[in-house]
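Q: Take this sequence and fold it.
(chains A and B, ligands or ions: 1)
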Amino acid sequence: MDRRTFLGAAGALAVTQMMPLAAAAQISAAKPRIVIAGAGAAGLSLASRLRRRMPQATITILDARRQHFFQPGFTLVAAGLWSPADVTFGNAEFLPQGVEWIAEAAAEFDPVANVVVTTGSRRLPYDFLFVATGLFLDYRGIEGMEEGLIGRDGIASIYAGPEAAAASWRAIEAFIDRGGTGLFGRPPTEMKCAGAPLKIAFITDDRARRRGRRGAVELVYNAHREAVFAVRPVDARVKELFAGRGIAINPSHVLVAIDPGARKAVYRTPAGTVTMGYDFIHVVPPMRAPDAVRNSPLPWQSGPLAADGWVEADRATLRHPRFPNVFAVGDIAGVPRGKTAASVKWQVPVVVENLVAETAGREPTAAYNGYTSCPMVTGYGRAMLIEFDYAGDLTPSFPFIAPLDELWISWVIEEKGLKGAYRAMLRGRA
Amino acid sequence: MRDFDPVALFAILEESLGDWFWPLVALTVALAVAVVLAAVRLRRPGRGGRRAVAMAIAAGAVAAIGFFFAVPVWTLAGIDSLNGPVDYLMAAAMALVPAAVVAALVFIAAAARGRRNGLAAS
Ligand SMILES: Cc1cc2nc3c(=O)[nH]c(=O)nc-3n(C[C@H](O)[C@H](O)[C@H](O)COP(=O)(O)OP(=O)(O)OC[C@H]3O[C@@H](n4cnc5c(N)ncnc54)[C@H](O)[C@@H]3O)c2cc1C
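A: Sure thing, here's the model as predicted:
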């Protein structure tokens, strides 16, 4: 029975962390053709909510992948606590009735003709398009690096999938066995869950301590700029914790190349390139829009989000300013911050509410405030419940949980609360 | 606790517990009904009502202490992970639920014994 006890509390906490607008539950009788590109966190959750709120719409969702990964759990797989099976579901399990799933990717977006072309050359005309393709992990953007290297020659990367996360755990253990220098860091691009590269550094440190091997490993975090985290109070707190744990920080180091055979990493720094030897490295790849999106008219045409192809979107409504029947939701949205599953939880009800209002002849008024959250694991059993908005202000959901305190209750949210909340979100129920 | 929504909480619990959810709901209801029936029976004099309540509280208290230490382990952490008043309070609050189940079972068992003894005496 204790399982129920924990889940009750964890769920109660997770639900507010991931709670969107109070559901207005109004229905639109409109009959538009809706295409959703991507059946990840955002796509499935959109399909569920749209199905309920627009029962007469024709909804088609596109995704070539049949498996669905609970990505926030990758950190716990890499910590040796969960298995890949714990974070792997089937997409079909979450598809609401009456939504057509085409198991192909979107190959081409033509927002002028209002058509999506699939990899199987099917043309799908739409009245409303939701781009929810997530992002592309560009491992080859680092010279000498590719996904197949994860788990070999001291290379770890928890981003690539459940098996990569499990291979990363084995690499961490082998590194702690052997000792030496471990390098961590993050790319200079926009990225999903910017806390994850820090979490894995904390986990490696704690694991080495628990095994009595901390003296045998040197841990170095190569930050892509001065800050290790974009939100100032969090940055200061993480730096303080790193200092206390003997994790060195090198600011303004961007990983540009890797030589797995020689175990050398090359960084771009303001003073030129710097080469560092390593025994273990956690590689976080540059992240960009998938090609189909990048090569379409949808991305920003100028500004900081243009180069990597993020979809142009109004930051409050996630609506495309040039193609108003197009919305970008989840990681692909070209908005500052917001690349977490917890953000999706807030974004989806906003776009659905506005579309329902609009097609029912009401004024769309819902707005997304940039809510982003990630429980920052700082060791086995402890985390900081970091939540913030576009302004970079901390927005704690619970007055009794201090966001910058390392707490077990924040760990409980990560370990016991998030998965159930995520699954309920996919069904549009939370 | 802004936007707290019991419907969403229900959905999250259901997803978290998966196939266990409805059997656990059924067990909880069965336990609650059994406790109420036992309490009704014990209200009659000579059935040892006070003793049953005392036994249930004692068993619940001991169980709560035990579960307090088990709670962090169940979250794949250790008791040393608790780090501040809110952690201790939450662990205690969580420990109270299984402790309440233990207390209920003891209460029901005591009531059944009281009834047997009562019947034997009559
Ligand atoms: C290691 C790690 C740790 C994380 N930790 C947390 C955390 O603690 N908390 C948190 O809230 N979030 C966390 N996240 C982030 C979270 O998982 C993502 O932000 C979230 O999944 C984004 O949802 P999405 O739908 O935009 O993208 P995804 O869930 O990635 O889904 C995108 C889908 O689109 C599909 N697709 C791609 N291209 C196409 C195409 N051309 N056509 C059709 N379909 C396409 C893909 O196959 C995929 O199924 C973490 C992520 C990682 C990797």
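Q: Can you show me the CA trace of stretch A:169-176 as CSV?
A: Provided in CSV are the C-alpha atoms of stretch A:169-176 (Å, rounded to 0.1, in the frame of the first residue of the first chain):
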residue,chain,number,x,y,z
TRP,A,169,25.2,4.5,-17.2
ARG,A,170,27.7,1.7,-18.0
ALA,A,171,30.2,4.3,-19.2
ILE,A,172,29.9,6.2,-16.0
GLU,A,173,30.4,3.0,-13.9
ALA,A,174,33.5,2.1,-16.0
PHE,A,175,34.9,5.6,-15.6
ILE,A,176,34.5,5.5,-11.9
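Q: quick check: mean pLDDT across it?
A: Stretch A:169-176 carries an average pLDDT of 98.
Q: same deal with stretch B:71-86?
A: In the prediction, stretch B:71-86 has an average pLDDT of 96.
Q: Next: stretch A:369-377.
A: Mean per-residue pLDDT for stretch A:369-377: 95.
Q: what do you get for stretch B:39-47?
A: On average, stretch B:39-47 scores 82.
Q: Then stretch B:102-115?
A: Mean predicted confidence for stretch B:102-115 is 89.
Q: Now residue 70, what are its backbone angles?
A: With no chain named, the answer covers chain A. Dihedral pair for A:Phe70: phi -80, psi 90, per degrees, to the nearest 10.
Q: oops, I was thinking of chain B
A: Taking degrees, to the nearest 10 as the convention, B:Ala70 sits at phi -80, psi -30.
Q: okay, now it: neighbour count?
A: By other CB atoms under 10 Å in any protein chain shown, 16 other residues sit near B:Ala70. (C-beta placed from N, C-alpha, C; glycine too.)
Q: Which residue comes closest to residue 103 once chain neighbours are left out?
A: The chain I'm using is chain A. What sits nearest to A:Ala103 in space, not counting adjacent residues and going by CB to CB, 6 or more residues apart in numbering or on different chains, is A:Ala64, at 5.9 Å.
Q: wrong chain, I was asking about chain B
A: Using CB to CB, 6+ apart, the closest residue to B:Ala103 is B:Gly60 (3.1 Å).
Q: next structured bit after the host helix or strand of that neighbour?
A: Taking DSSP states H and E as the definition, one finds B:Gly60 inside helix B:49-74. Where DSSP H and E defines the elements, the next helix or strand beyond helix B:49-74 is helix B:85-121.
Q: buried stuff in that following helix?
A: For helix B:85-121, burial by neighbour count (16 or more other CB atoms under 10 Å in any protein chain shown) applies to B:86-87, B:90-92, B:94-108, B:110-111, B:114-115, B:118.
Q: again with stretch A:99-117
A: A:99, A:101-107, A:109, A:111, A:114, A:116-117.
Q: filter those down to the ones near the ligand?
A: Applying CB under 6 Å from any ligand atom to those, one finds that A:105-106 fall near the ligand.
Q: Redo the buried residues of stretch A:99-117 as CSV? Include secondary structure.
A: Output for the buried residues of stretch A:99-117, formatted as CSV (DSSP: H, G, I helix; E, B strand; the rest coil):
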residue, secondary structure
A:Val99, strand
A:Trp101, strand
A:Ile102, strand
A:Ala103, coil
A:Glu104, coil
A:Ala105, coil
A:Ala106, strand
A:Ala107, strand
A:Phe109, strand
A:Pro111, coil
A:Asn114, coil
A:Val116, strand
A:Val117, strand
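Q: in stretch B:29-37, what counts as buried?
A: Of the residues in stretch B:29-37, B:31, B:34-35 count as buried by neighbour count, 16+ other CB under 10 Å.
Q: again, but for stretch A:148-158
A: Those buried within stretch A:148-158 under the rule 16+ other CB under 10 Å are A:149-151, A:153-158.
Q: Mind picking the two most distant members of those residues?
A: Across the buried residues of stretch A:148-158, the longest distance by CB to CB is 16.7 Å; it joins A:Asp153 and A:Ile158.
Q: Could you check which residue of chain B lies nearest the ligand?
A: B:Ile12 (14.4 Å; CB to the nearest ligand atom).
Q: Repeat that for the stretch 301-430 of chain A.
A: Nearest to the ligand in the stretch 301-430 of chain A, going by CB to the nearest ligand atom, is A:Gly330, at a distance of 2.2 Å.
Q: Quick check on that residue: phi, psi?
A: According to degrees, to the nearest 10, A:Gly330 has phi 90, psi -150.
Q: next one: A:Glu108
A: According to degrees, to the nearest 10, A:Glu108 has phi -150, psi 130.
Q: now A:Val311
A: The phi/psi pair for A:Val311 (degrees, to the nearest 10) is phi -70, psi 130.
Q: Using the three-state scheme, assign the residue lying farthest from the centre of chain A.
A: The centre of chain A is farthest from one residue, A:Gly361, which by CA atoms, centre = their mean lies 34.2 Å away. Secondary structure, three-state DSSP: A:Gly361 is coil.
Q: now what about the helix or strand where A:Ala167 lies, what contacts it?
A: Element membership for A:Ala167, per DSSP H and E: helix A:162-178. Residues from elsewhere that reach helix A:162-178 (CB atoms under 8 Å, 6 or more residues apart in numbering or on different chains): A:69, A:74-75, A:77-80, A:83-85, A:87-88, A:147, A:150-151, A:154-158, A:182, A:200, A:203-204, A:207-208, A:211, A:213, A:216-217, A:279-280, A:282.
Q: Lowest average confidence across helices and strands of chain A, where is it?
A: The helix or strand of chain A with the poorest confidence is helix A:2-17; it has a mean of 44 (mean pLDDT, DSSP states H and E).
Q: Who are the packing partners of the next helix or strand after that one?
A: Using DSSP H and E, the helix or strand that follows helix A:2-17 in sequence is strand A:33-37. When contacts are defined as 3 or more CB pairs under 8 Å, 6 or more residues apart in numbering or on different chains; DSSP states H and E, strand A:33-37 packs onto helix A:41-53, strand A:58-62, strand A:128-131.
Q: Mind pulling up the pLDDT for A:Gly154?
A: Per the predicted model, pLDDT is 98 at A:Gly154.
Q: Are we agreed that the residue nearest to A:Ala103 is in a helix?
A: No: secondary structure assignment places A:Ala64 outside any helix; it is coil (three-state DSSP).
Q: gap between it and A:Leu298?
A: For A:Ala64, the distance to A:Leu298 equals 19 Å [CB to CB, to the nearest Å].
Q: Counting neighbours, go ahead and name the busier of those two.
A: Ranked by neighbour count (other CB under 10 Å), A:Ala64 and A:Leu298 place A:Leu298 first, with 26 against 13.
Q: I'd assumed A:Phe109 was in contact with that one.
A: Yes: if you go by CB atoms under 8 Å, A:Leu298 and A:Phe109 touch, sitting 5.7 Å apart.
Q: Overlap in contacts, the two.
A: Counting by CB under 8 Å, 6+ apart, the shared contacts of A:Leu298 and A:Phe109 are A:Val131.
Q: related to what we said a few turns ago, just the ones of the buried residues of stretch A:148-158 in strands?
A: The members of these that map onto strands under DSSP state E are A:155-156.
Q: What is the nearest of the buried residues of stretch A:148-158 to the ligand?
A: Nearest to the ligand among those: A:Ile158, at 4.7 Å, using CB to the nearest ligand atom.
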